[in-house]
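1. turn this into a structure:
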Amino acid sequence: MKKQFALGLVAAVCASGAFAQSSVTVYGRLNVTVESVKIGDGDRTGEINNNASRIGFKGTEDLGGGLKAGFQIEHGFDPSTGTAASTFWGRQAEVNLSGAFGTVRLGTFFPETYYATSDYIGMHNHETGDSSDALYGTKFVTQNKVGYASPMLGGFKFHASVAEGSPTVDRTYDLAANYDAGPLHLGAGYEKQGDFKQFAVRGLYEMGAFTVGGLVQRVSVPVLGDRTYFRVSGMYAMGASEFHVNAGRTGEYDDVANSDAVQWTVGYNYNLSKRTKVYGYYTRIADGDAGSYGGDFDAFALGIRHNF
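-> Take a look at the predicted model:
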């Protein structure tokens, strides 16, 4: 009996030690807007829209010797209707190994070129909903990927990934780099899928209550040709209030006349806490006659965002 008790005690201690080396976090975001939307010459309509709401689980296990195993799964859903996204873990579903060498990732995850450039300067609503960057050119491939993220090296961090193709779709290559030094934040990204290519550079600088950012992108699309896209953004913070403005302009594709477009947004955020804010914005897209970006569009929006 004593021997069995001792063995049970040892097993319990070992089990508690294993649990102590592992952690799982539940997180998410609900972000919903009430909007007045006008598309082209149509009538203005009222809408309630989802802005990339999600729930996720992520965890790590300490394997010893500085090596860790991790996972992250994330599911998108629409709070306005209560419906789930068509692919349940479509936002993210990855397993990874990390250590002093960096992180190796396998599965489904967003392209780091997007995070390093367009998303980084989309400060007012985190590049979601109707005010997200409509002129940024990307294939935005997320599935069947192998990726690598370097450790921080003198303020630099590098990312690389390859997404497997199919008999009709070429592999997608994604490279990104970020540099952070105090108030200065720089980034660059390169993406290639067959003859489609895009390269972008981004800068953001913090000056007390002011933050300013900008990006330049060159996009090459088969049949359409090449184009150049510029975008600038700014934020002024005053207590719990944030005032936002951003504007982007893309030139014409080489082989498509009148395919230029302009998008601009003005917005206001009021932070009720670190996790909850109410906000409003007006956004407009003035599309060229070619209608390369879905035609003229504008929207007034009021929203609530809560992170957990």
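2. mean confidence for stretch 180-189?
-> Average pLDDT, stretch 180-189: 98.
3. what of stretch 39-50?
-> The average pLDDT within stretch 39-50 is 96.
4. tell me the buried residues in it?
-> Neighbour-count burial for stretch 39-50, counted by 16 or more other CB atoms under 10 Å, picks out N49, N50. Heads up, the C-betas are built off the backbone N, CA and C, glycines and all.
5. gap between the two ends of it?
-> By CA to CA, to the nearest Å, the extent of stretch 39-50 from end to end equals 18 Å.
6. quick check: next helix or strand after the lengthiest strand in the chain?
-> Determined from DSSP state E, the single longest strand within the chain is strand 22-39. As assigned by DSSP states H and E, the chain's next helix or strand after strand 22-39 is strand 45-50.
7. and that following strand, what other elements does it pack with?
-> Packing contacts for strand 45-50, counted by 3 or more CB pairs under 8 Å, 6 or more residues apart in numbering; DSSP states H and E, involve strand 22-39.
8. what's in contact with the strand it packs on?
-> 44-62, 79-80, 125, 128-130, 294-308 (CB atoms under 8 Å, 6 or more residues apart in numbering).
9. swap in stretch 67-83?
-> Defining contact as CB under 8 Å, 6+ apart, one finds that stretch 67-83 is touched by 30, 32, 48-50, 52-63, 84-85, 88-99, 103, 109.
10. out of those, which end up buried?
-> The neighbour count (16+ other CB under 10 Å) marks 30, 32, 49-50, 52-58, 60, 85, 89-94, 96, 98, 103, 109 as buried among these.
11. if we can go back for a sec, looking at the contacts of strand 22-39, which are in helices?
-> Among those, DSSP state H puts none in helices.
12. of the residues you listed, which belong to strands?
-> Residues from these lying in strands, with DSSP E as the criterion: 45-50, 54-62, 297-307.
13. just how off-centre is stretch 216-234 within its chain?
-> Put simply, stretch 216-234 sits 19 Å off its chain's centre (CA atoms, centre = their mean, to the nearest Å).
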